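A.B. asks: Build me a structure from this.
(one chain, ligands or ions: 1)
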Amino acid sequence: MQTLQTETKDQTRDENVIEIQNLTKRFGKQNTITAVDSLTFNVKKGDVFGFVGQNGAGKTTTMKMLIGLLEPSDGYAKVAGYDSVREVINIREVTGVLPEPAGFYGNLTARQNLRFYAKLYDMDSETRENRIVELLEMVGLDDAIDQKIGGFSTGMLKRFGLAQALINDPEILFLDEPTSGIDPKGAQMMRDLIKQLSREKDVTIFLSSHSMSEVEEICSRIGVIDSGKLLAIGTVDQLRDIIREREGVNYLLEVWDISYNDMVEKLNLMDGVHDVKTLDGTLQVHADSGMRAEIAKTISKSGGTISRLEEERMDLQSVFLKLIGS
Ligand SMILES: Nc1ncnc2c1ncn2[C@@H]1O[C@H](COP(=O)(O)OP(=O)(O)OP(=O)(O)O)[C@@H](O)[C@H]1O
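C.D. replies: Below is the predicted model:
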């Protein structure tokens with residue numbers, strides 16, 4: 001299947017901090033499971049890139065290849081210009097990865113956990129201690145800095161994980177489902193932190209999520225993956241346009257001075273109008289995109305007065321479901 005590309009021409013190669021070329025991963029004895037299938041796309045510096053797909057689509061496998069935890073079966077990835085197989089150490093230096101809470105030491109405090117992790121990086125002790133305090137403050141854990149993290153809630157653990165991922169002041173942050181399993185308030189805190197990191201520190205963020213409203217809120221570009229293949233890539237508006245062009249749009253219409261039956265008949269005769277339905281006094285006209293002016297003209301010509309004519313806005317959830325063919 002061909003990927004629906006919505007890239008614009010002004011994107012130069014220089015801006016790409018993640019380059020993925022024919023990236024493929026097969027599992028199984030005879031390599032029969034293709035988890036990631038010839039992915040090709042780029043992520044630009046400063047993007048908050050949302051990688052979305054159903055369970056088992058291949059998101060985690062892709063991210064693991066990008067950070068050098070899995071070797072590709074085919075193709076390659078470059079992160080900050082470094083090859084994900086041969087230059088993993090360089091990649092580790094400039095990236096942060098949201099860790100699995102299972103890897104934390106529950107009987108150590110937040111400060112001690114971060115200190116342990118920070119020692120993996122080359123930093124003098126003063127810089128390290130200051131950074132630990134600064135990061136725990138940033139993620140709202142300053143009051144819990146000397147508490148054992150074994151007693152932390154799931155939301156606190158996620159925020160602690162974000163602080164850990166930021167210890168080396170990374171250029172690129174990988175967040176696999178950063179808000180899964182946490183309550184709405186905690187999830188909003190994480191989203192605000194992600195936005196803040198992008199806005200204030202210019203960190204490029206590559207995140208996966210099952211929450212389309214979350215992705216719509218925080219991501220500047222989105223890649224949709226299904227069965228290991230990239231289906232579409234672009235901004236929310238660009239993805240929406242793919243569906244608008246492909247499947248048409250719904251116009252919502254309220255009109256005076258003409259009977260609805262007359263109007264339904266007239267609209268149904270128009271080229272590009274596929275279906276007309278009445279919904280609680282509003283007409284829903286399913287038509288090709290770009291038909292608004294034509295519809296308005298038809299109604300005016302028939303003596304109707306339009307009090308409302310707007311295109312129904314598709315949210316990312318609806319766009320996603322249509323892209324994957326559900
Ligand atoms: N080590 C492995 N051995 C065999 N198959 C695997 C392995 N890791 C992943 N897979 C398979 O690869 C496919 C992609 O899995 P992956 O975890 O990347 O999906 P995902 O999009 O991250 O899903 P989720 O949203 O559930 O986390 C799935 O079919 C999965 O079962």
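A.B. asks: dump the residue contacts of the closest residue to residue 119 other than its chain neighbours.
C.D. replies: Excluding the flanking residues, the one nearest residue 119 by CB to CB, 6 or more residues apart in numbering is residue 128, at 7.6 Å. Glycine gets a C-beta too; all of them are placed from N, C-alpha and C. Residues in contact with residue 128, defined by CB atoms under 8 Å, 6 or more residues apart in numbering, are 115, 118-119.
A.B. asks: would you say residue 128 is within a strand?
C.D. replies: No: according to DSSP: H, G, I helix; E, B strand; the rest coil, residue 128 belongs to no strand; its state is helix.
A.B. asks: so what pLDDT did it get?
C.D. replies: Here the pLDDT value assigned to residue 128 is 95.
A.B. asks: so residue 214 touches residue 194, yeah?
C.D. replies: No: contact criterion CB atoms under 8 Å: residue 214 and residue 194 do not qualify, at 9.3 Å.
A.B. asks: mind checking how far residue 228 is from the ligand?
C.D. replies: Distance of residue 228 to the ligand, given as CB to the nearest ligand atom, to the nearest Å: 7 Å.
A.B. asks: Any idea how many residues pack against residue 244?
C.D. replies: 17 (other CB atoms under 10 Å).
A.B. asks: who's in contact with it?
C.D. replies: Residue 244 touches 289, 314, counting by CB under 8 Å, 6+ apart.
A.B. asks: Just confirm it is within a strand.
C.D. replies: No: assigned with three-state DSSP, residue 244 falls outside any strand and is helix.
A.B. asks: What lies in contact with whichever helix in the chain runs longest?
C.D. replies: The longest helix of the chain (DSSP state H) is helix 184-201. Outside helix 184-201, the residues that touch it by CB under 8 Å, 6+ apart are 46, 48, 138-140, 153-156, 158-159, 162, 166, 173, 175, 178-179, 182, 203-205, 207, 211, 214, 217-218, 220.
A.B. asks: what's the distance between the residue nearest to residue 119 and the ligand?
C.D. replies: Taken as CB to the nearest ligand atom, the span from residue 128 to the ligand is 33 Å.
A.B. asks: for residue 318, same thing?
C.D. replies: 20 Å.
A.B. asks: cool, and residue 309?
C.D. replies: Residue 309 is 40 Å from the ligand, by CB to the nearest ligand atom.
A.B. asks: got it, and residue 86?
C.D. replies: 22 Å.
A.B. asks: can I assume that residue sits in a helix?
C.D. replies: No: Residue 86 is assigned coil when assessed by three-state DSSP, not a helix.
A.B. asks: quick one: contacts for it?
C.D. replies: Here residue 86 is in contact with no residue (CB under 8 Å, 6+ apart).
A.B. asks: pLDDT at it, what is it?
C.D. replies: pLDDT, read off for residue 86, is 96.
A.B. asks: In which helix or strand does residue 70 reside?
C.D. replies: According to DSSP states H and E, residue 70 maps onto no helix or strand at all.
A.B. asks: My understanding was that it contacts residue 60; is that so?
C.D. replies: No: using CB under 8 Å, residue 70 is not in contact with residue 60; the gap is 9.4 Å.
A.B. asks: Can you pull the phi and psi angles for the residue sitting nearest the centre point of the chain?
C.D. replies: Per CA atoms, centre = their mean, the C-alpha nearest to the average position across the chain is that of residue 50, at 1.7 Å. Main-chain torsions, residue 50, degrees, to the nearest 10: phi -100, psi 120.
A.B. asks: and if you look at residue 217?
C.D. replies: Torsion angles, degrees, to the nearest 10, at residue 217: phi -70, psi -40.
A.B. asks: and this structure, which residues reach the ligand?
C.D. replies: Proximity of the chain to the ligand (CB under 6 Å from any ligand atom) is limited to residues 27, 33, 35, 53, 55-61.
A.B. asks: just the residues you listed now: which is nearest residue 104?
C.D. replies: Proximity of these to residue 104 (CB to CB) peaks at residue 60, which lies at 19.4 Å.
A.B. asks: what's around that closest one, how many residues?
C.D. replies: So residue 60, with other CB under 10 Å, has 17 neighbours.
A.B. asks: now do the one 4 residues further on
C.D. replies: As a burial measure, residue 64 scores 19 neighbours (other CB under 10 Å).
A.B. asks: Thought residue 71 was touching it, still the case?
C.D. replies: No: in this structure, residue 64 is not within contact of residue 71 by CB under 8 Å, at 9.6 Å.
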